[in-house]
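Peer 1: can't give you the sequence, but here's the structure:
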Ligand SMILES: Nc1ncnc2c1ncn2[C@@H]1O[C@H](COP(=O)(O)OP(=O)(O)OP(=O)(O)O)[C@@H](O)[C@H]1O
Ligand SMILES: O=C(O)c1ccc[n+]([C@@H]2O[C@H](COP(=O)([O-])O)[C@@H](O)[C@H]2O)c1
């Protein structure tokens, strides 16, 4: 079983995330894509984050109609901030027969050399990188690395930050969110 791990805060999950995950589920050799909801990204402040379970609930609602896309709460029970290496080691021990790969945007690859034990991650896992912002490839120290594959996926310039700010200003953000997520956020008055 080949699993693509798509890590993020998902505060909230939006159409950009869903389009990417679905692209990998449909056009790569991955059997499933798991959205790993991160309680605390070591590079981000935790203060603006919605509760873990509410972010997980949004991922659950976004993926429930897609058989190959799954929410994953594995990081909720691991030490924080959440270093990806710890999660990968834990998952590999729990599912020894699965092959876990990472899915990340080109923006994240630029700072990947600052991640804890990134060399160990690269030794043991493939990384699938998709473009962000422009179709022109961003150069990094990982160019040509045999474990890193660049995949041509659709670009949607959306971000959770933009969505949260727009909601605060009273703007309509409905088209940027999976329908069930928008309904839940609206009902719960999130980010207002
Ligand atoms: N529009 C998008 N298209 C494709 N990938 C995205 C998009 N937005 C974010 N990602 C990627 O999704 C993963 C999880 O992202 P994250 O939850 O941090 O979302 P974000 O929209 O970047 O959030 P924030 O604005 O709060 O930083 C990261 O790998 C990030 O690069
Ligand atoms: O392991 C690390 O050192 C590390 C450093 C920065 C980010 N990450 C993980 O990368 C994921 C996506 O990050 P971001 O910046 O797009 O929110 C999230 O799950 C973080 O925990 C991991």
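Peer 2: Looks like it arrived, so ask away. Just so we're clear, the structure is a prediction, and the values are computed from it rather than from any experiment. Ligands and ions are numbered 1, 2, ... in the order given.

Peer 1: does stretch 150-168 come close to ligand 1?
Peer 2: Yes. Applying CB under 6 Å from any ligand atom, one finds stretch 150-168 in contact with ligand 1 at 156-161. The way it works is simple: take the backbone N, C-alpha and C, and place the C-beta from them, glycine included.

Peer 1: for these, which one is nearest residue 100?
Peer 2: residue 160 (24.2 Å; CB to CB).

Peer 1: residues of the chain that sit close to ligand 1?
Peer 2: With CB under 6 Å from any ligand atom as the criterion, the chain meets ligand 1 at residues 8-11, 16-17, 20, 104-105, 107-108, 156-161.

Peer 1: can you tell me which of those are up against ligand 2?
Peer 2: Checking these against ligand 2 (CB under 6 Å from any ligand atom), the matches are 8-9, 108.

Peer 1: if I pick residue 81, what's in contact with it?
Peer 2: 40-42 (CB atoms under 8 Å, 6 or more residues apart in numbering).

Peer 1: what are the ranges of the helices in this protein?
Peer 2: 15-27, 52-63, 84-94, 106-110, 118-124, 160-168, 179-188 (DSSP state H).

Peer 1: highest mean neighbour count out of the ones you listed?
Peer 2: helix 52-63 (a mean of 21; mean count of other CB atoms under 10 Å).

Peer 1: what does that helix rub up against?
Peer 2: Contacts of helix 52-63 (CB under 8 Å, 6+ apart): 9-13, 17-18, 21, 35, 37, 39, 49, 69-71, 73, 76, 178, 180-181, 184-185, 188, 190.

Peer 1: appreciated, that's everything.
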